[in-house]
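Participant: I'd like to go over a predicted model; first the sequence, then the structure.
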Amino acid sequence: MAARKRLTPVARRLRAEMTDVERLLWSRLRRAQLGHSFTRQFPIGKAVADFACRRAKLVIELDGGQHAGSTEEDAERTRMIEAHGYRVIRYWNSDVTGNIDGVLEDILRHLSIALD
């Protein structure tokens, strides 16, 4: 719980400074448009997840070009989040901007699996 309190200001700043790709995906996730509630920039352990469906214990992470060389760091971040019982799915920014409907279909598939 203490880690969450320390990350709350970070999460607030990240919500205020969302990238264009995060805004695009959030515009389709917010207000339970997929039938499930999501939160953005959600502190989990020592990480702040881009998006999370707490009910399904599902985290969505968006990766831009800066992540191309940080696969080990991303894997460690995924392990930290998964240690809290969440499943992590990742999408490249280019997938979100170029195929938002396909990304949303994939998210719905993961939600279905998580809630079975």
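Facilitator: That came through, no problem.

Participant: pLDDT at residue 93, what is it?
Facilitator: If you check residue 93, the pLDDT there is 95.

Participant: could you say which helix or strand holds residue 21?
Facilitator: When secondary structure is defined by DSSP states H and E, residue 21 falls within helix 20-29.

Participant: er, residue 111 actually
Facilitator: Element membership of residue 111 [criterion: DSSP H and E] is helix 100-114.

Participant: that helix vs helix 20-29, what angle?
Facilitator: Inter-element angle recorded for helix 100-114 and helix 20-29: 60 degrees (by axes from the mean of the first three to the mean of the last three C-alpha atoms, to 10 degrees).

Participant: ranges for the helices of this protein?
Facilitator: Along the chain, the stretches classed as helices by DSSP state H are 2-16, 20-29, 71-82, 93-98, 100-114.

Participant: quick one: distance of the second one to the chain centre.
Facilitator: Remark: helix 20-29 is offset 11 Å from the chain centroid, using C-alpha atoms, centre = their mean, to the nearest Å.

Participant: now tell me what touches it from outside.
Facilitator: The contact list for helix 20-29 (C-beta atoms under 8 Å, 6 or more residues apart in numbering) reads 18, 34, 38, 40, 50-51, 60, 62, 64, 93, 96-97, 100, 103-104, 107. (Each C-beta comes from the backbone N, C-alpha and C, glycine too.)

Participant: hmm, try it at 10 Å
Facilitator: Helix 20-29 has contacts (C-beta atoms under 10 Å, 6 or more residues apart in numbering) with 14-15, 18-19, 33-34, 36-41, 50-51, 53, 60, 62-64, 91-97, 100-101, 103-104, 107.

Participant: of these, select the buried ones using a PyMOL command.
Facilitator: Those of those that count as buried under 16 or more other C-beta atoms under 10 Å are selected in PyMOL with:
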select buried, resi 14+34+36+38+40+41+50+51+53+60+62+63+91+92+93+95+96+100+103+104+107
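
Participant: quick one: closest of the helices of the chain to residue 45.
Facilitator: Using C-beta to C-beta as the measure, helix 71-82 is the one of the helices of the chain that comes nearest residue 45, at 5.2 Å.

Participant: any regions of this protein where pLDDT drops low?
Facilitator: For the chain, the stretches with pLDDT under 70 are 1-5, 11, 65-70.
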